[in-house]
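Novice: Structural data only, the sequence is not supplied:
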């Protein structure tokens, strides 16, 4: 009993720590950009500095936080749902679907006035979201529902590969879009405005509440599907709801910020390495972890070679991957010493 | 002993003279590979649009037997067989055309494969104004066209004429040229930037940031350009980016949107650079206050 109590306390501390570091990072994010601190100092007197801080830096900082939170949440749900520590939010083909959507939009931009008019209304964000959600629907169609985990996984991989190939083909045919596509694939929070922020935050809230309410299903699933069913859980419907949460969270994040690697995969692992806890808490903590990770990476991406910018996805992979590798090695050393 | 060495040196000199007489053409490409031709190439495959344009500008369009899928100027090359893209050429299709010279970019991997199949490959990658001249002269040398220098002088004079056509008030316009929506900008050291500099415009992306840096969008807001140049493909949504409404160029509606065909001319470091300069000069003039 005391062990569980201790774990709960660790989880609570971790949550508090992540919240505090998020606040610190938000403040740092508002002051780091291509032009450095003087924009913040002049924000009250110089209208341009005010605009840079208020219309560009703050929304992109909050947006990076929210997108990371969505990816962390989707990652925790995916790993619970598929009972697979390698599962990530892009598992059901949403990443390739989104790239195909963006690639097609870029190819058709400016080709005919009609297509441009229609695409401007939809925007790249809309195209990416439609692509991501469409890919997940296609995966569900191929897997004939959500009942069979293995079939769902395989369909996701197949849809991912096929749509990815289509996107590559589009890029090869119109090489002018290649660089824009590459930037999308490595992710960027550069164009997140307040409207996008509101959307990200609203989706995060909805997904968080639904995932929280269904977290006992994930706890049940961790004991095996047969056991979960014997507990009397209406699995098919709840799994469908969880897949929806995952697709919605991933699609929204991808549409606003591009394919940011590794946050969804690493965040739940980072949380689990510190605190052993139930899925309800894991989802929340993983979400906060993803948010802090992406925001930290975004700040570094803006700052390292300012006024140029690094693709944020590269930094999330280096930061998250490096830390995870270090944890893994430390754990192996500790356990091998223990076994000796 | 000494006379023996003298004889040896003399023999060496004679043989090298004979060799150079037999192989009239010797050029070095951008990979540093020495190419020698017994006779000037008659069947050429070009795998880069700007090289295709260069060959045609020298009046040797009829020697082209195949081009890459992106070569679209002059119109006559559209009728030629397409052998894939510069980065993913169809080796078999190229070999089937029996070329005696393949012109391609240095960045393509296909060169080694083609060379191992016994095809002469000349890798050239024009990136700036000086390169355009160099490539014109190199290709002119290989094709034994005597007036490559003159062709360059005509192009160069046309760029200067475009610059001189602009009134002094238009010069010193501060310009942001967006290459694509990542956003990548064309800096002062890029081909596009060099043209802008010759037109007298001021680029907001300095030399120190490299030719095509990926910039932070707030950098553009900070620099507050008077004029934005962007391609049709990348224009959609530009004015709606967070914070961009306050940029002077957008407030004053001084945004030039180039069509796909115009963008091809403006961004390709090739013999149409004078036309590119005229397009940009027209933009500076149309959107002047």
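Specialist: Right, received. Where do you want to start? This one's a predicted model, so the numbers in the text were calculated from it and none came from an experiment.
Novice: Can you find the helix or strand in chain B with the smallest mean pLDDT?
Specialist: helix B:2-22 (a mean of 54; mean pLDDT, DSSP states H and E).
Novice: Bridging across strands, which residues link to residue B:36?
Specialist: Per DSSP bridges, residues listed as beta-bridge partners of residue B:36: residue B:26.
Novice: Can you pull the poorly scored residue ranges out of the chain?
Specialist: As the question left the chain open, I've gone with chain A. Applying pLDDT under 70 to chain A picks out residues A:1, A:34-36, A:110-120, A:334-340.
Novice: My question was about chain B, not that one.
Specialist: Counting by pLDDT under 70, the ranges of chain B that qualify are B:1-24.
Novice: residues from it in reach of chain A?
Specialist: If contact is defined as Cβ under 8 Å from any Cβ of the partner chain, the residues of chain B in contact with chain A are B:70, B:85, B:88, B:179-184, B:209-210, B:213-219, B:221-222, B:224, B:231-237, B:241-243, B:246, B:259-260, B:263. For the C-beta atoms, the positions are set from N, CA and C on the backbone; glycine is no exception.
Novice: Make a PyMOL selection of the buried ones in those residues.
Specialist: For selection in PyMOL, the members of those meeting the burial criterion (16 or more other Cβ atoms under 10 Å in any protein chain shown) are listed in this command:
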select buried, chain B and resi 70+85+179+180+181+182+183+184+209+213+214+215+216+217+218+219+221+222+231+232+233+234+235+236+237+241+242+243+263
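Novice: Sort out for me which of the residues of chain B next to chain A are in helices.
Specialist: For those, membership in helices holds for B:217, B:218, B:219, B:221, B:222, B:232, B:233, B:234, B:235, B:260, B:263, with DSSP state H as the criterion.
Novice: For the residues you listed, which two are the farthest from each other?
Specialist: B:222 and B:260 (30.3 Å; Cβ to Cβ).
Novice: the longest strand in chain B is where?
Specialist: Among the elements of type strand in chain B, defined by DSSP state E, the one spanning the most residues is strand B:174-180.
Novice: what's it packed up against?
Specialist: helix A:178-186, strand B:184-185, helix B:191-199, strand B:202-203, helix B:217-223, strand B:227-231, helix B:232-235 (3 or more Cβ pairs under 8 Å, 6 or more residues apart in numbering or on different chains; DSSP states H and E).
Novice: got JSON lines for those, with distance to residue A:148 too?
Specialist: Compiled in JSON lines, the helices and strands packed on strand B:174-180 are given as follows (distance: least, Cβ to Cβ, whole Å):
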{"stretch": "helix A:178-186", "distance to residue A:148": "30"}
{"stretch": "strand B:184-185", "distance to residue A:148": "44"}
{"stretch": "helix B:191-199", "distance to residue A:148": "54"}
{"stretch": "strand B:202-203", "distance to residue A:148": "58"}
{"stretch": "helix B:217-223", "distance to residue A:148": "45"}
{"stretch": "strand B:227-231", "distance to residue A:148": "47"}
{"stretch": "helix B:232-235", "distance to residue A:148": "43"}
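Novice: so which of the ones you listed comes closest to residue A:31?
Specialist: Comparison of the helices and strands packed on strand B:174-180 against residue A:31 by Cβ to Cβ identifies helix B:217-223 as nearest, at 12.2 Å.
Novice: How far off centre is the closest one?
Specialist: Its chain's C-alpha centre lies 29 Å from the corresponding centre of helix B:217-223 when counted by Cα atoms, centre = their mean, to the nearest Å.
Novice: what do you get for stretch A:64-82?
Specialist: Averaging C-alpha coordinates over stretch A:64-82 and over its chain gives two centres that are 6 Å apart (Cα atoms, centre = their mean).
Novice: With adjacent residues omitted, what lies nearest to the residue in the stretch 51-200 of chain B positioned nearest to chain A?
Specialist: Distance from chain A to each residue of the stretch 51-200 of chain B (Cβ to the nearest Cβ) is smallest for residue B:182, at 3.5 Å. Nearest residue to residue B:182 in three dimensions, chain neighbours excluded: residue A:183, at 3.5 Å (Cβ to Cβ, 6 or more residues apart in numbering or on different chains).
Novice: Pretty sure the one you found sits against residue B:179.
Specialist: No: with contacts defined as Cβ atoms under 8 Å, residue A:183 does not count as touching residue B:179, sitting 11.2 Å away.
Novice: Which helix or which strand is home to the residue nearest to the spatial centre of chain A?
Specialist: The centre of chain A sits closest to residue A:71, judged by Cα atoms, centre = their mean, with a distance of 2.1 Å. Element membership for residue A:71, per DSSP states H and E: helix A:58-81.
Novice: Show me what secondary structure element comes after that helix.
Specialist: Read in the C-terminal direction, the helix or strand following helix A:58-81 is helix A:94-108, with elements assigned using DSSP H and E.
Novice: ok, and for that following helix, which residues are buried?
Specialist: Within helix A:94-108, the residues scored as buried using 16+ other Cβ under 10 Å are A:94-108.
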